[in-house]
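*Asks:* Sequence first, then the predicted structure, then my questions.
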Amino acid sequence: MHLFMESPMAPTVSLWPLIGVAVIIAGFILRFNPMIIVVGAAIVTACAAGFGVLATLSAIGAGFLKTRNLTLALILPLATIGLLERHGLRQHTQDWIRRFRNATAGQLLIAYLAVRELSAALGLTSLGGHATMVRPLLAPMVEGVAEARHGRLPDRIRHRLRAMAAATDNIGLFFGEDIFVAFGAVVLITSFLHEAGIDVDPLRVAFWGIPTAGVAFAVHAWRLVRLDRTLAREMRDEVDAGVTAGTGAEDATA
């Protein structure tokens, strides 16, 4: 009992700065502009942490100066992709992919998932991405394959295909980069274990990411196979509903 009385008390930590996380969650739920959400969360966090106005503006300005080159590297590819889309990149992609009559949307996404995981495992994480690959190329190709196989797609199915294309890119990148030995998470794990007195080779940590990546590939590939089956069933139901509605209209006219 005496030992516990003499032990120093843990310092109190204010949890109020975490209110910025709640601001971000609420902002995305309410579908506000992401830039406004981030800036608002930064201001709320600074106020909760007791920062003054000058300190807050100084921190925001310093962060902007440190990342201005990164901002330029992100803006230039987006401008290039926007220019290509303006001159019909999506239409040409869809017209080209419609020639493959036997392909399915799920098969195309499975092939992309394999390429995305393998390239990320080699450290080539910038080969894909939502802005540079999914929106201008992958999503139109998936929609073109589905239209070539099933005809004109309803908007709800079209949006589902776009969402699945984005999810495929996320899964391939997330589980593929864990195999890359120089990935930040691998370095973090080995550094943490080293501080705890456990020396682990980074190559072995990356090696044990292979089973996880393999399971993720198998599970998502199974989801994509189910996507093909669900798409075929829903399109048959759409055709049957259209035929039934047309028959009913003809009977009423007669």
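*Replies:* Ah, there it is. Numbers count the residues shown, from 1 in each chain.
*Asks:* Any stretches of this protein with poor pLDDT?
*Replies:* Across the chain, the ranges flagged by pLDDT under 70 are 1-13, 63-101, 240, 242-254.
*Asks:* Select the longest helix from it.
*Replies:* Using DSSP state H, we find that the single longest helix of the chain is helix 209-253.
*Asks:* which strands and helices sit next to it?
*Replies:* When contacts are defined as 3 or more C-beta pairs under 8 Å, 6 or more residues apart in numbering; DSSP states H and E, helix 209-253 sits against helix 105-121, helix 139-150, helix 155-176. Using the backbone N, CA and C atoms, a C-beta is placed for each residue, glycine as well.
*Asks:* Same list (those helices) but as JSON lines, adding mean neighbour count and distance to residue 27.
*Replies:* Shown next, in JSON lines, are those (neighbours: other C-beta atoms under 10 Å; distance: least, C-beta to C-beta, whole Å):
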{"stretch": "helix 105-121", "mean neighbour count": "21", "distance to residue 27": "29"}
{"stretch": "helix 139-150", "mean neighbour count": "22", "distance to residue 27": "26"}
{"stretch": "helix 155-176", "mean neighbour count": "18", "distance to residue 27": "20"}
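*Asks:* wait, which of those is closest to residue 25?
*Replies:* Nearest of the helices and strands packed on helix 209-253 to residue 25, taken as C-beta to C-beta: helix 155-176 at 19.3 Å.
*Asks:* quick one: the closest one to chain centroid distance?
*Replies:* Computed by C-alpha atoms, centre = their mean, to the nearest Å, the separation of helix 155-176 from the middle of its chain amounts to 8 Å.
*Asks:* if I look at the nearest residue to residue 40 once chain neighbours are set aside, how far off is residue 55?
*Replies:* Residue nearest to residue 40 in three dimensions, not counting chain neighbours: residue 23, with 5.8 Å by C-beta to C-beta, 6 or more residues apart in numbering. Distance from residue 23 to residue 55, counting by C-beta to C-beta, to the nearest Å: 19 Å.
*Asks:* so what are the domain limits for this structure?
*Replies:* Per the record, the chain has its domains at 14-61, 76-240, by automatic domain parsing.
*Asks:* Give me whichever of these is most buried.
*Replies:* For these, the largest average neighbour count (mean count of other C-beta atoms under 10 Å) is found in domain 76-240, namely a mean of 16.
*Asks:* rewinding a little: so which of the helices and strands packed on helix 209-253 is nearest residue 192?
*Replies:* Among the helices and strands packed on helix 209-253, the nearest to residue 192 by C-beta to C-beta is helix 155-176 (19.9 Å).
*Asks:* what inclination does that closest one have with respect to helix 139-150?
*Replies:* Going by axes from the mean of the first three to the mean of the last three C-alpha atoms, to 10 degrees, helix 155-176 is angled at 130 degrees with respect to helix 139-150.
*Asks:* From the contact counts, what lies against helix 155-176?
*Replies:* If you count contacts as 3+ C-beta pairs under 8 Å, 6+ apart, helix 155-176 packs onto helix 105-121, helix 139-150, helix 209-253.
*Asks:* separation between the closest residue to residue 179 other than its chain neighbours and residue 173?
*Replies:* Nearest residue to residue 179 in three dimensions, chain neighbours excluded: residue 121, at 3.9 Å (C-beta to C-beta, 6+ apart). Separation of residue 121 from residue 173 (C-beta to C-beta): 10 Å.
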